[in-house]
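Undergrad: here you go, sequence then predicted model.
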Amino acid sequence: ASNSPKSSLPVPMGPPVYVDLAYIPNHCSGKNTDPEFFKRVRASYYVVSGNDAANGEPSRAVLDALLEGKSQWGENLQVTLIPTHDTEVTREWYQQTHEKQQELNIMVLASSSTVVMQDESFPACKIEF
């Protein structure tokens, strides 16, 4: 075993994968997700977690990669983006790219629902397939 960082191997080209729900890897950090991810993994719903601005989570670059990747799908399927936290990065991205989101048929789901379990409460949303 080597102590050197993992080298990235090229991913063989193939047809895109269609899924109902995809969790954007690594808390929406730019470390592992780029436009190629969104070109290859085509989801009806993408979950964006991440609430750590100091570590670049969520990453504006990843949110922009969604727009770039989706623009190359060649089909206008509805996509819903589900942020798990209300962050400055997602708010700014939403406001600055709203027109492009509409053009690409991307909806950002904001939830005002709250789930209360035992002594804690947290935001929630309902997804129906």
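TA: Everything's here; your move. Quick caveat: nothing in here was measured; it's all calculated off a predicted structure. Numbering: from 1, shown residues only.
Undergrad: please export the C-alpha coordinates of the longest helix seen in the chain as PDB.
TA: Across the chain, the longest stretch assigned as helix under DSSP state H is helix 88-103. Extracted C-alpha coordinates of helix 88-103, given in PDB (Å, rounded to 0.1, in the frame of the first residue of the first chain):
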ATOM      1  CA  GLU A  88     -25.600  31.800   1.600                       C
ATOM      2  CA  VAL A  89     -24.000  29.900  -1.200                       C
ATOM      3  CA  THR A  90     -27.300  28.300  -2.300                       C
ATOM      4  CA  ARG A  91     -29.300  31.500  -1.900                       C
ATOM      5  CA  GLU A  92     -26.800  33.500  -4.000                       C
ATOM      6  CA  TRP A  93     -26.600  30.700  -6.700                       C
ATOM      7  CA  TYR A  94     -30.400  30.500  -6.800                       C
ATOM      8  CA  GLN A  95     -30.800  34.200  -7.300                       C
ATOM      9  CA  GLN A  96     -27.900  34.700  -9.800                       C
ATOM     10  CA  THR A  97     -28.800  31.700 -12.000                       C
ATOM     11  CA  HIS A  98     -32.600  31.600 -11.700                       C
ATOM     12  CA  GLU A  99     -33.200  32.400 -15.400                       C
ATOM     13  CA  LYS A 100     -30.800  29.600 -16.400                       C
ATOM     14  CA  GLN A 101     -32.600  27.200 -14.000                       C
ATOM     15  CA  GLN A 102     -35.900  28.000 -15.600                       C
ATOM     16  CA  GLU A 103     -34.500  27.500 -19.100                       C
END
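Undergrad: show me what that helix is packed against.
TA: Applying 3 or more C-beta pairs under 8 Å, 6 or more residues apart in numbering; DSSP states H and E, one finds that helix 88-103 contacts helix 60-70, strand 106-108. Glycine gets a C-beta too; all of them are placed from N, C-alpha and C.
Undergrad: nearest to Thr80, of those?
TA: strand 106-108 (5.0 Å; C-beta to C-beta).
Undergrad: using the three-state scheme, assign Glu75.
TA: When classified by DSSP: H, G, I helix; E, B strand; the rest coil, Glu75 comes out as coil.
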